[in-house]
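> Got a sequence here, can you build the structure:
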Amino acid sequence: MESPAADDEGDCFSPLLLNATSVNIEVYYNKAVNYTLMVTFVSFLQVLLLIRQMEHSNTQSGAAKVSILMIGQQAIMDAYLCLLHLTAGILVDGILLGGILVMYEFHNYLRSILFLMYSFWIPQIFTNVIRDSRKPLHPHYILGMTVTRLAIPLYIFGCPNNFMRTEPDKTWCLYLGVFIGLQASILLLQHYLGSRWFIPRQILPEKYFYYRRFDQESNHATDCVICMTAIDLTRHSNDCMVTPCDHFFHSGCLQRWMDIKMECPTCRRPLPPA
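Here you go, the predicted model:
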C-alpha cells in the first residue's frame, strides 16, 4: 500500500510505503500445538534416558566418571528452554521483551551460539582421556540425547512450515548434525574400544598391567575373596588378575568390583585404571 503524506498547507512529503501480510490464526495455533506436543514427547524421552543413565552410574565410582561440565552444560540448556517455554511468554512480560531484544541483538550470532551450546559431549570426551574412564555413559543415553537435543534446532532452522516463520537453512542443519554426531561417535568408540583409542601409544603414560607375571612360590590354589572360589595359579591365563599389592582375583570378579570401587578388595589400597 502506498499513500502520500500531507501537512495542513497541502504540501506533500515523501510517500509512505506499507507492506502487510495476513496470518491465519487457526493455522498458526495448530502449528504451535504441534510444536508443544513435539517438545513434550522429546522431554519425556530425555527423562527416560536420564533415568537409564542414573541406573548405569548409580555407584560412587560410576558417578565420578561422568563429567560435571557435560551435565552442567545440558542443565543450563534445559533451564533456558524451560524459561522460554513456560515463563517468558506467559507469566513475565518484562522477560519476554528482554528476550526479544537479546534475540534481535544476537541474531547474527545465534547459529554460532548454538554450535557452542551443542558441544556438550566434548567435556566428557576429554574427561575420559584424562582419567582413562571405563564406560562412564550408557550407549542408549549417548544416542538418545544426541537425537533428542537436535529436535528443536532442526525444527526451527530446518522445517519450512515452522510456526516461528524462520527461514530454513538446511546447510547449517547438516553442519550441526555432523558436528554433534561426530562427538557421539567418539564417545561410542571410547565405550567399546577404550577411552584413549585415538591417542598414539608412544605418547601415553605407562599403564599398570593386571595380567603381569608373578612368582609362583607354590602350586596350590588360592581363593578369590570376591566370589570365594579357588584360583588356579598354575595356569597363566587371562582368568587371573594381579593387583599392584600382589593380590589375586578372577578377571571378571575384579573388573565388576572396579566398576563400583577403585580399591583392592583385600587391603583397600587404591587401584589404577584397568
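
> C-alpha from now on. contacts and neighbour counts both.
OK.

> Ala179: neighbouring residues, count only.
To be clear, residue 179 is Phe; Ala isn't right here. 14 (other Cα atoms under 10 Å).

> Tell me the predicted confidence for it.
Looking at Phe179, its pLDDT reads 95.

> contacting residues around the strand or helix carrying it?
For Phe179, the host element (DSSP states H and E) is helix 170-193. For helix 170-193, the external contacting residues (Cα atoms under 8 Å, 6 or more residues apart in numbering) are 115, 118-119, 121-122, 125, 128, 134-137, 139, 142-143, 146, 150, 153-154, 157-158, 195-197.

> shaky segments in the stretch 51-200 of the chain?
Within the stretch 51-200 of the chain, the stretches with pLDDT under 70 are 87-107.

> hmm, 90 instead?
By pLDDT under 90, the low-scoring segments of the stretch 51-200 of the chain are 55-65, 76-115, 129-136, 152, 155-170, 193-200.

> List the buried residues for the lengthiest helix in the chain?
In the chain, assigned by DSSP state H, the helix with the most residues is helix 25-56. Going by neighbour count (16 or more other Cα atoms under 10 Å), the buried part of helix 25-56 is Lys31, Tyr35, Val39, Val42, Gln46, Leu49, Leu50, Arg52, Gln53, Met54, His56.

> Kindly report the same for stretch 55-75.
Applying a neighbour-count criterion of 16+ other Cα under 10 Å, the buried positions in stretch 55-75 are His56, Ser57, Ser61, Gly62, Ala63, Lys65, Val66, Ser67, Met70, Gln73, Gln74.

> Excluding chain neighbours, what is closest to the fifth one?
The shortest distance from Ala63 to any non-neighbouring residue, by Cα to Cα, 6 or more residues apart in numbering, is to Ser57 (5.2 Å).

> swap in Lys261?
Nearest one to Lys261, counting by Cα to Cα, 6+ apart, is Ser61 at 5.6 Å.

> same thing with Ile122?
Ile122's closest residue in space is Gln183 (Cα to Cα, 6+ apart), at 6.7 Å.

> Show me how far stretch 133-143 is from its chain's centre.
Relative to the chain's own centre, stretch 133-143 is displaced by 10 Å; criterion: Cα atoms, centre = their mean, to the nearest Å.

> Could you export that stretch as CSV, CA atoms only?
Extracted C-alpha coordinates of stretch 133-143, given in CSV (Å, rounded to 0.1, in the frame of the first residue of the first chain):
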residue,chain,number,x,y,z
SER,A,133,37.4,-43.8,32.5
ARG,A,134,35.8,-47.1,31.5
LYS,A,135,32.3,-46.8,30.1
PRO,A,136,31.1,-43.7,32.0
LEU,A,137,27.9,-43.2,29.9
HIS,A,138,25.4,-45.8,28.7
PRO,A,139,25.2,-46.1,24.8
HIS,A,140,21.5,-45.6,24.9
TYR,A,141,22.0,-42.3,26.8
ILE,A,142,24.6,-41.1,24.2
LEU,A,143,22.5,-41.9,21.2
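
> Would you quantify the distance from Gly158 to Thr171?
To Thr171, Gly158 is 9 Å away according to Cα to Cα, to the nearest Å.

> more neighbours, the two?
Taking other Cα under 10 Å, Gly158 and Thr171 do not tie; Gly158 has more neighbours (20 against 11).

> ok, the nearest residue to that one once chain neighbours are set aside - contacts?
Using Cα to Cα, 6+ apart and skipping residues adjacent in sequence, the residue nearest Gly158 is Pro168, 4.9 Å away. For Pro168, the residues meeting the contact criterion (Cα under 8 Å, 6+ apart) are Ile156, Phe157, Gly158, Cys159, Pro160.

> what ranges do the strands span in the stretch 1-150 of the chain?
In the stretch 1-150 of the chain, the strands defined using DSSP state E, counting those that start in this stretch lie at 2-3, 16-17.

> Out of those, name the one with the poorest average pLDDT.
In terms of mean pLDDT, the lowest-scoring of those is strand 2-3 (a mean of 48).

> rewinding a little: isn't the residue nearest to Lys261 right up against Glu263?
No - assessed by Cα atoms under 8 Å, Ser61 is found out of contact with Glu263, at 10.1 Å.

> Report the central residue of the protein.
For the chain, Trp121 is the residue whose C-alpha lies nearest the centre (Cα atoms, centre = their mean; 4.6 Å).
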